[in-house]
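**Q** sequence and predicted structure are below.
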Amino acid sequence: MKPAPFRYHRARDVEGATALLAELSDEAKVIAGGQSLVAMMNFRLARPGHLVDITGLRELDHLGVGADGGLRIGALTTHHTVETAPADRLGAGFGVIRDAMRWIGHLPIRTRGTVGGSLAHADATAEWCLLALLLDAELVAHGPRGRRHIPAGEFFFGYYTTALDPDEILVEIVFPRPAPHAALTEFAERRGDFAIVSAAVDLAVDGGDIHGGRVALGGVDAMPVRVPAAEAVLADGGSFRDCAEVAASAVDPPSDGGGSADYRKHLIRNLIERACEEAMSR
């Protein structure tokens, strides 16, 4: 199918983009890589009256470690840029972010798709959304009222719904601390498909001993979720298998075309244990 008619606007700078969004209100959508929005428009699942193109805003395409040790990624940075970033640019302890890129679609998608676009789209199974929640990322939004910093735990509201106001755009994502013992894994029916379930862990390791950690899941709710009960198992010195069992028991995943709730729980058990083992081996 072809998209419904729309008017095209090309922003020259961040202020111009947000001014257009403020003027056009709910009728407008931001487009960058277009890997999710264009498909939805072609199926007429989305029918924006206006598109605001921000691909020319090169100041939003950057990747590097700041003076505070946090990893700063511009919203227009592509998945492939992160995937191929040299170690000195990505920084020590952020390998989980680079390694997670291999799960995102296929190479053409990773080459055009952007970090900010994935987060703003807020698919419940998206790798960037899961990473942001797991690693306490801070999402920087810019609008007519200036900039605001939104913790990842407060950014996702539900299916394709975020804390962004209609006249705001994402400009940067900040991962505040290294995560040397973190891992993300997932399962899809075919390579490059959307994940049925994705799982990620960030272990707190000292001297070879685990003193706690964070556990997050995608594909089990309307947005990625932390699993405090499973984290408590890690803090109490429980095994990876115990952590996985508790994680599966703590969530209530949906049954749909991707699989039943029981099937998703089976995947959770396997993926959490696998992610823990991978994280510990780093």
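**A** In hand now; what should we look at?

**Q** return the helix or strand in the protein with minimum mean pLDDT.
**A** When the helices and strands of the chain are scored by mean pLDDT, DSSP states H and E, helix 87-90 comes last with a mean of 89.

**Q** can you list the buried residues in it?
**A** Of all the residues in helix 87-90, those buried under the rule 16 or more other Cβ atoms under 10 Å are residue 90. To be clear about C-beta, it is placed using only N, CA and C from the backbone, and glycine gets the same treatment.

**Q** contacting residues around that helix?
**A** Around helix 87-90, the neighbours that count as contacts under Cβ atoms under 8 Å, 6 or more residues apart in numbering are 63, 64, 65, 71, 82, 95, 97, 98.

**Q** could you dump those into JSON lines and include secondary structure?
**A** Compiled in JSON lines, the contacts of helix 87-90 are given as follows (DSSP: H, G, I helix; E, B strand; the rest coil):
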{"residue": "63", "secondary structure": "strand"}
{"residue": "64", "secondary structure": "strand"}
{"residue": "65", "secondary structure": "strand"}
{"residue": "71", "secondary structure": "strand"}
{"residue": "82", "secondary structure": "helix"}
{"residue": "95", "secondary structure": "helix"}
{"residue": "97", "secondary structure": "helix"}
{"residue": "98", "secondary structure": "helix"}
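
**Q** how deep is residue 73 tucked in, by neighbour count?
**A** Residues lying near residue 73 (other Cβ atoms under 10 Å) number 27.

**Q** in the sheet, who's paired with it?
**A** Residues in a beta bridge with residue 73, per DSSP bridges, are residue 63, residue 173.

**Q** what sits against it?
**A** Taking Cβ under 8 Å, 6+ apart, we find residue 73 in contact with 62, 63, 82, 115, 172, 173, 174, 175.

**Q** next: residue 240.
**A** Contacts of residue 240 (Cβ under 8 Å, 6+ apart): 272, 273, 276, 277, 280.

**Q** where's the third one, which helix or strand?
**A** In this structure, residue 276 is located in helix 261-281 according to DSSP states H and E.

**Q** can you tell me the closest non-neighbouring residue to residue 225?
**A** In space, residue 225 comes closest to residue 217 once its chain neighbours are excluded; the distance is 5.6 Å by Cβ to Cβ, 6 or more residues apart in numbering.

**Q** ok, now residue 28?
**A** That would be residue 50: by Cβ to Cβ, 6+ apart, it lies 4.2 Å from residue 28.

**Q** isn't the one you found right up against residue 24?
**A** Yes - counting by Cβ atoms under 8 Å, residue 50 touches residue 24, with 4.8 Å between them.

**Q** hang on, the earlier thing: and the two most separated of the contacts of helix 87-90?
**A** 64 and 95 (15.3 Å; Cβ to Cβ).

**Q** which one's more surrounded, those two?
**A** residue 95 (17 against 13).

**Q** from residue 146, how far off is the closest residue to the more buried one other than its chain neighbours?
**A** In this structure, residue 95 finds its nearest non-sequential neighbour in residue 282, 6.9 Å apart by Cβ to Cβ, 6+ apart. Distance, residue 282 to residue 146, using Cβ to Cβ, to the nearest Å: 39 Å.

**Q** who has more neighbours, the two?
**A** Just comparing residue 282 and residue 146: by other Cβ under 10 Å the higher neighbour count belongs to residue 282, 15 against 8.

**Q** ok, and for stretch 200-208, which residues are buried?
**A** Those would be 200, 201, 202, 203, 205, for stretch 200-208 by 16+ other Cβ under 10 Å.

**Q** and stretch 48-57, which residues are buried?
**A** Result for stretch 48-57 [16+ other Cβ under 10 Å]: buried residues 48, 50, 51, 52, 53, 54, 55, 57.

**Q** pretty sure residue 220 is touching residue 248, no?
**A** No - between residue 220 and residue 248 there is no contact under Cβ under 8 Å: 9.4 Å.

**Q** what sits in contact with each of these two?
**A** Contacts common to residue 220 and residue 248, judged by Cβ under 8 Å, 6+ apart, are residue 268.

**Q** name the SS class of the closest residue to residue 179 other than its chain neighbours, please.
**A** Among residues not flanking residue 179 along the chain, residue 202 sits closest, at 4.9 Å (Cβ to Cβ, 6+ apart). Judged by three-state DSSP, the three-state class of residue 202 is strand.
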